[in-house]
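**Student:** Show me the folded form of this:
(4 chains)
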2 protein chains.
Amino acid sequence: MIQQVKFGEDMKSIKNVRIKDVAEKAGVSTATVSHVINGNKYVSEKIKSKVNKVLKELNYHPNSAARSLRSTKTNTIGFIIPINREDTAKSFFMSIAEGIEEKLKSRGYNLILSNSKEDPEQELNLIKMFNTQVDGLILAPTNENFKSINETIDHNFQIVVIDRLPVGYKGDYVLVDNFQGTYEGINELIKSGFKKIGFLSSGLGIPTSNDEFEANKELSNNEIYVNPNNERFEAYKVALSDNKISFNPDYVLFGESSFQSGYDLAKQLISKEIDAIFIANNIMAMGSIKFIQEQKLKIPDDIGIIGYDNYDWTEIISPPLSAIKQPAFEIGVQAAELILNKIQKPTSDCQHIKLKTENLKRSSY
Amino acid sequence: MIQQVKFGEDMKSIKNVRIKDVAEKAGVSTATVSHVINGNKYVSEKIKSKVNKVLKELNYHPNSAARSLRSTKTNTIGFIIPINREDTAKSFFMSIAEGIEEKLKSRGYNLILSNSKEDPEQELNLIKMFNTQVDGLILAPTNENFKSINETIDHNFQIVVIDRLPVGYKGDYVLVDNFQGTYEGINELIKSGFKKIGFLSSGLGIPTSNDEFEANKELSNNEIYVNPNNERFEAYKVALSDNKISFNPDYVLFGESSFQSGYDLAKQLISKEIDAIFIANNIMAMGSIKFIQEQKLKIPDDIGIIGYDNYDWTEIISPPLSAIKQPAFEIGVQAAELILNKIQKPTSDCQHIKLKTENLKRSSY
DNA sequence: AAGGATAAGTTAATCGATTAACTCGATTGT
DNA sequence: ACAATCGAGTTAATCGATTAACTTATCCTT
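**Tutor:** Coordinates of the predicted model:
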């Protein structure tokens, strides 16, 4: 339904108030007004208050384009998220965005948001676009290698990486300790008596065959692509091994991050007579649970479950789902903090932050 | 866990490539380069290709600050959302944001995102901040009256309002036809044999007492504050009346948009022996369902339920929840379309778009 | 062949805020 | 008492891209 309405408002064609207008009205130079606004040179109280008065009267707002052009600071931070349509990770990244915004706002910065849609090409394009637009970039990377990213950064801006760690990246980052959370989760599962524990996840960023994986291991920690999924997978294997349970590759399935894929993989896995599943991906967890419900399997009697990330729905399914919760908002706050520091002091040491997860034990195991 | 790492990268202190550099290398004037880039004056093929070549070689990217300053176009659209922390509406607005972004990107525009947190003051501040930053603003308003908003807009930018309609606003908007969706939902409930239908919602933007409400009715359609909740409430009443069911104010409860409030209000409502509930708010629906599950009430035998908005979780609870789905992504696309049109042709007629909801019948009634 | 029209580029003013360099009077030190 | 220093403002160059106005050279038209 589309209506059309005649245009006939009190169109404002107000010429913007310039610093010059303020200066004239206050009887001072533009430089003085600028000094009052930015407080970077001493101005006498008398003049300062006169200028401030005029500033208010005229409702002056600095033209950010002019300001950026002259000072080469944009006061804007870019944030690139990697989500597909219908991906529930959007809630995760949105919470991160909130954290970022909260911190930025308190320091007078803006946030520009863009979505790479998990497409490395898109990501590179966005970075290009950001080149002259931002003072810093918070990036949840989809390119697995930092080289290509680094090459497209031709402007002098700061970067903070979150959520995943591309190969060759040495700068600031904020990650979540996915190893610890998963390790603890698997451990709990085992303590509760589960022995045949399946592992469901979306794709790994690293080679999955054993040979290649071993090869990777020899590189230093910074030299492999770290994404949440492979950390979780590693933790799964280590936890099993620490509990003297042998690793069975048949119990591990990777698929795309979707409801359907969760459903399908759960079906496959359950046909293998496992007694518990660790599902490293929120939306796949939903699909899996759907299948389990359809099969009328009892949770946790027939099958134990742990999911990843705490969404509201995890509380209202029956039984409520146990989950490993990532501190999304906090990631955002920390990332913003890092980037602002780096902008203020570009030569400062790089910070590597790893946030702890929280283990939410409910009734699904 | 925080690590410190010595800073010692191959710091880039590259001076940015300016249009002047390109011009010199290509042996033409800066004006010509600009014309090639923007295509607003004819340039011979020979020169055009020469310039394009240099553009690539030098990896030129226009300085957006300079461009904005001169052309008074920022090529940026602002988007203000009104969400509180933990509000599941974040998923709804995020989908809208995706829709906006998709459309904007295809036309070379950027998106700046900010959150008013449902605080009218904050909203006004954000608008102020946007004044010289954006060419247009997409606003999910929290101020109920447009006057205060209008007063803080001192720059000459375009506005498109979404989701709610403040009093006195006459410009472009994209809304969802909440009346229709709710009306149909209630109708279906009645057809399925439910008679005592409760209504749960977060706060209305209009006076709720009957007198005041009647007073409001006399104003023209554009003169009352329209938000999704009051439309839904209206539809509820009309649907009852059309089915010759008398309206019982005891069956209607308003609370804040939270899990707990949904839980509490469901408790209240159920004590009144209703046989179905229409829950006009997603997160309240979760709380309500939690309570219903705890009481071991059978859905839909003991109680029928319809919720609002289609989240993934609605499929995996038992039984799957019937819901009215808003076309979030589409709202974004349309809003972006409107604002781009308005920017191109500021005097064009205002468009009023109302999108249809979708009725997802599942097994909860 | 003269005069105008057109085509293809160029020159230079301009957007608004910042800031280095400067002015000018007052204060201080010896 | 005189130079040096300081305090409080001002002047004017500058950031990089756009674009109105202008310059040539070329092409018609009669």
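**Student:** Tell me the buried residues in stretch A:83-103?
**Tutor:** The neighbour-count check on stretch A:83-103 (16 or more other CB atoms under 10 Å in any protein chain shown) flags A:83-84, A:87-103 as buried. Just so you know, the C-beta spots here come from the backbone N, C-alpha and C atoms, and that holds for glycine as well.
**Student:** got any ranges where the stretch 201-350 of chain A has weak pLDDT?
**Tutor:** Confidence mapping of the stretch 201-350 of chain A against pLDDT under 70 gives the ranges A:204-223.
**Student:** rerun that using 50 as the cut-off
**Tutor:** Within the stretch 201-350 of chain A, the ranges that satisfy pLDDT under 50 run A:206-222.
**Student:** mind listing the helices for it?
**Tutor:** Taking DSSP state H, counting those that start in this stretch as the test, the helices found in the stretch 201-350 of chain A are A:210-217, A:228-242, A:259-270, A:282-294, A:313-316, A:328-344.
**Student:** how about the ones you listed, which one is nearest DNA strand D?
**Tutor:** Of all the helices of the stretch 201-350 of chain A, the one in closest proximity to DNA strand D, counting by CB to the nearest atom of the strand, is helix A:328-344 (18.3 Å).
**Student:** which bits of chain A sit near DNA strand C?
**Tutor:** Contact residues, chain A versus DNA strand C (CB under 7 Å from any atom of the strand): A:15-16, A:18-20, A:30-31, A:34-35, A:37-38, A:40, A:60, A:62-63, A:66-67, A:69-71.
**Student:** Would you mind writing the PyMOL command to select the buried ones in these?
**Tutor:** Buried residues within the residues of chain A next to DNA strand C, by 16+ other CB under 10 Å, are selected in PyMOL with:
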select buried, chain A and resi 18+19+34+35+37+60+63+66+67+69
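**Student:** Can you say which of the helices of the stretch 201-350 of chain A is packed in most?
**Tutor:** helix A:282-294 (a mean of 24; mean count of other CB atoms under 10 Å in any protein chain shown).
**Student:** so what does that helix touch, helix or strand wise?
**Tutor:** Using 3 or more CB pairs under 8 Å, 6 or more residues apart in numbering or on different chains; DSSP states H and E, the elements in contact with helix A:282-294 are helix A:89-106, strand A:197-202, helix A:259-270, strand A:276-279, strand A:304-308, helix B:313-316.
**Student:** In CSV, list these along with distance to residue B:115.
**Tutor:** As requested, those are exported to CSV (distance: least, CB to CB, whole Å):
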stretch, distance to residue B:115
helix A:89-106, 6
strand A:197-202, 29
helix A:259-270, 28
strand A:276-279, 31
strand A:304-308, 26
helix B:313-316, 23
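**Student:** Please name whichever of those is nearest to residue B:120.
**Tutor:** Proximity to residue B:120, assessed across those by CB to CB, is greatest for helix A:89-106 (16.4 Å).
**Student:** Give me the contacts around the helix or strand following the closest one.
**Tutor:** With elements assigned by DSSP states H and E, the helix or strand that comes after helix A:89-106 is strand A:110-115. If you take CB atoms under 8 Å, 6 or more residues apart in numbering or on different chains as the criterion, strand A:110-115 is touched by A:75-83, A:97, A:100-101, A:104, A:122, A:126, A:129-130, A:133-134, B:76, B:97-98, B:101, B:105, B:110-114, B:129, B:133.
**Student:** Identify the residue of chain A closest to chain B, quick one.
**Tutor:** Going by CB to the nearest CB, chain B is nearest to residue A:313 of chain A, at 3.0 Å.
**Student:** From the buried residues of stretch A:83-103, list the ones also adjacent to chain B.
**Tutor:** Counting by CB under 8 Å from any CB of the partner chain, A:88, A:90-91, A:94-95, A:97-98, A:101 from the buried residues of stretch A:83-103 sit close to chain B.
**Student:** among the residues of chain A next to DNA strand C, which are in reach of DNA strand D?
**Tutor:** By CB under 7 Å from any atom of the strand, the members of the residues of chain A next to DNA strand C lying near DNA strand D are A:30-31, A:35, A:66, A:69-70.
**Student:** Closest one to residue B:303 out of those, please.
**Tutor:** Using CB to CB, those come closest to residue B:303 at residue A:66, 61.5 Å.
**Student:** For that closest one, list the residues it contacts.
**Tutor:** Residue A:66 makes contact with B:65, B:69 under the criterion CB under 8 Å, 6+ apart.
**Student:** Residue A:148 too?
**Tutor:** Neighbouring residues of residue A:148 by CB under 8 Å, 6+ apart: A:120, A:124.
**Student:** so is it in a helix, a strand, or just coil?
**Tutor:** Judged by DSSP: H, G, I helix; E, B strand; the rest coil, the three-state class of residue A:148 is helix.
**Student:** now residue A:185
**Tutor:** helix.
**Student:** any idea how far it lies from DNA strand C?
**Tutor:** According to CB to the nearest atom of the strand, to the nearest Å, residue A:185 and DNA strand C sit 51 Å apart.
**Student:** Surely that residue touches residue A:306?
**Tutor:** Yes. With contact defined as CB atoms under 8 Å, residue A:185 counts as touching residue A:306 (4.7 Å).
**Student:** If you drop the residues flanking it in sequence, what lies closest to the residue nearest the centre of chain A?
**Tutor:** In chain A, the centroid-proximal residue (CA atoms, centre = their mean) is residue A:93; its distance is 4.7 Å. The shortest distance from residue A:93 to any non-neighbouring residue, by CB to CB, 6 or more residues apart in numbering or on different chains, is to residue A:81 (4.3 Å).
**Student:** got a list of what the one you found touches?
**Tutor:** Residue A:81 neighbours (CB under 8 Å, 6+ apart): A:90, A:93, A:96-97, A:113-116, A:140.
**Student:** So what sits opposite it in the bridge?
**Tutor:** Residue A:81 has these beta-bridge partners by DSSP bridges: residue A:115.
**Student:** And the pLDDT for it?
**Tutor:** For residue A:81, the model assigns a pLDDT of 92.
**Student:** Roughly how far does it sit from DNA strand D?
**Tutor:** Distance, residue A:81 to DNA strand D, using CB to the nearest atom of the strand: 28 Å.
**Student:** quick one on the thing from earlier: kindly indicate which of the ones next to chain B among the buried residues of stretch A:83-103 lies nearest DNA strand D.
**Tutor:** So of these, ranked by how close each gets to DNA strand D (CB to the nearest atom of the strand), first place is residue A:101, at 28.3 Å.
**Student:** residues touching the closest one, list them.
**Tutor:** Each residue near residue A:101 by CB under 8 Å, 6+ apart is listed here: A:111, A:332, A:336, B:113-115.
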